[in-house]
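**Student:** From the sequence below, what's the structure:
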Amino acid sequence: MVNKPTVFIHTNDKQIVGAYVGMYSMKRASRDPDAFDVKLIRLEETPHLTVRQGQHYLRKGKKAVWLNEDLQSFSPLRKMVPQLMGFKGRALVTDPDVFAVGDILDLLNADMEGKAILCRHIQDGYKGNGHMFYASSVMLLDCEKLSHWRWDEDIDRMFEGKLDYGPWIGLKNEDPTTIGEIGEEWNSFDRLVPETRLLHTTERLTQPWKTGLPIDFDLTTKAPAARRSGFVERLLRGLGLTNEVAQPAAVGRYQPHPDPEQEKLFFSLLKGALDAGYLDLELLKQRINEKDVRADALQLVDAMTEKA
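**Tutor:** Down below sits the predicted model:
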């Protein structure tokens with residue numbers, strides 16, 4: 001029996017509110033929400049990785065320390081999806097800060113033209129070096145063609161220093177002839193325009209549900225100045241900061257999103273997720289108390305009327 005097409009949103013508890021909002025958004029925006037499943041993959045339910053707390057692993061040729069509490073510690077889970085699908089059927093994997101404004105079925109049913117993976121291919125200097133990279137944060141996968149993605153074994157090899165996280169997560173170890181391309185609209189980095197189908201709020205500094213909270217990551221670990229999107233560069237300049245001094249102590253707190261429409265979209269979706277039962281109110285309150293979601297989130301939800 002062929003597996004039902006499934007969307008996997010990989011997350012940790014720090015980002016779980018966004019993940020549930022993303023789940024709701026995909027069902028809400030679809031003409032046939034019963035035609036596909038949406039599931040969460042939680043770091044905290046993945047002991048093969050969480051037991052590595054404090055251990056060293058290979059990352060871009062250097063030793064790095066694994067921290068479960070890192071804001072993006074969910075990222076390795078994206079490579080687990082074919083294994084979860086039993087290496088059968090079609091699956092889409094997304095980050096927990098990706099929200100549907102178009103029908104995900106159009107992507108799930110796309111002609112993959114025999115490719116194993118479809119994702120955005122980005123170059124033109126976004127990564128600061130002009131080289132192409134694969135945005136694995138949103139991937140459509142033909143799981144039968146990815147039987148070599150043995151996640152547990154790969155995690156072991158990474159912590160043994162035999163597999164480098166950088167090329168692994170960036171798909172550099174894959175045969176490029178097996179990787180096809182999706183349009184920008186299916187992984188739209190911080191751009192909400194009429195063509196956008198999946199909005200990806202990639203800039204952690206301005207994620208709408210974080211505004212006003214103390215920054216809990218090193219701004220320079222996201223990317224050097226050449227890699228940043230234009231609006232964050234303008235924001236840092238407006239604060240009188242450069243990338244070199246843009247540490248948490250300098251900026252202090254998460255900043256308001258420069259596009260009010262993206263903040264409105266998120267809180268309308270958050271209200272919908274609560275009303276439809278995708279997100280439990282007590283969980284939201286817990287994440288507010290843990291300072292993973294802004295303190296005034298419930299007030300903004302109360303003031304929000306979900307768009308039809």
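
**Student:** What residues of stretch 278-294 count as buried?
**Tutor:** 278-279, 284, 287-288, 292-294 (16 or more other CB atoms under 10 Å). Quick note: C-beta positions are derived from backbone N, CA and C, even for glycine.

**Student:** can I get those residues in CSV with distance to F36, pLDDT and secondary structure?
**Tutor:** Below are the buried residues of stretch 278-294 laid out as CSV (distance: CB to CB, whole Å; pLDDT from 0 to 100; DSSP: H, G, I helix; E, B strand; the rest coil):
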residue, distance to F36, pLDDT, secondary structure
Y278, 15, 97, coil
L279, 19, 97, coil
L284, 25, 98, helix
R287, 26, 98, helix
I288, 31, 97, helix
D292, 28, 96, coil
V293, 27, 97, coil
R294, 31, 97, coil
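
**Student:** what's the farthest-apart pair in the residues you listed?
**Tutor:** Spatial extent of the buried residues of stretch 278-294 (CB to CB) is set by the pair Y278 and R294 at 19.3 Å.

**Student:** Where do the strands of the stretch 101-250 of the chain begin and end?
**Tutor:** Secondary structure of the stretch 101-250 of the chain (DSSP state E, counting those that start in this stretch): strands at 117-122, 133-142, 179-181, 188-189, 198-200.

**Student:** Specify the stretch among those that is closest to L58.
**Tutor:** Nearest to L58, of all the strands of the stretch 101-250 of the chain, is strand 133-142, at 17.7 Å by CB to CB.

**Student:** Run the chain-centre distance for that closest one.
**Tutor:** 11 Å (CA atoms, centre = their mean, to the nearest Å).

**Student:** Just the angle for that strand relative to strand 117-122, thanks.
**Tutor:** Put simply, strand 133-142 runs at 160 degrees to strand 117-122, going by axes from the mean of the first three to the mean of the last three CA atoms, to 10 degrees.

**Student:** just checking, what packs against strand 133-142?
**Tutor:** Secondary-structure packing of strand 133-142 (3 or more CB pairs under 8 Å, 6 or more residues apart in numbering; DSSP states H and E): strand 90-94, strand 117-122, strand 198-200.

**Student:** So I9: helix, strand or coil?
**Tutor:** strand (DSSP: H, G, I helix; E, B strand; the rest coil).

**Student:** how much space between it and P256?
**Tutor:** To P256, I9 is 25 Å away according to CB to CB, to the nearest Å.

**Student:** who has more neighbours, these two?
**Tutor:** I9 (28 against 14; other CB atoms under 10 Å).

**Student:** who's in contact with that one?
**Tutor:** Contact analysis of I9 by CB atoms under 8 Å, 6 or more residues apart in numbering lists 19, 22-23, 38-41, 93-96, 98.

**Student:** Give me the phi and psi for the closest residue to it other than its chain neighbours.
**Tutor:** Leaving aside its chain neighbours, I9 sits nearest to A19 (4.7 Å; criterion: CB to CB, 6 or more residues apart in numbering). The phi/psi pair for A19 (degrees, to the nearest 10) reads phi -60, psi -40.

**Student:** Surely A19 is in contact with T11?
**Tutor:** Yes - shown here, A19 and T11 form a contact pair, counting by CB atoms under 8 Å, at 3.9 Å.
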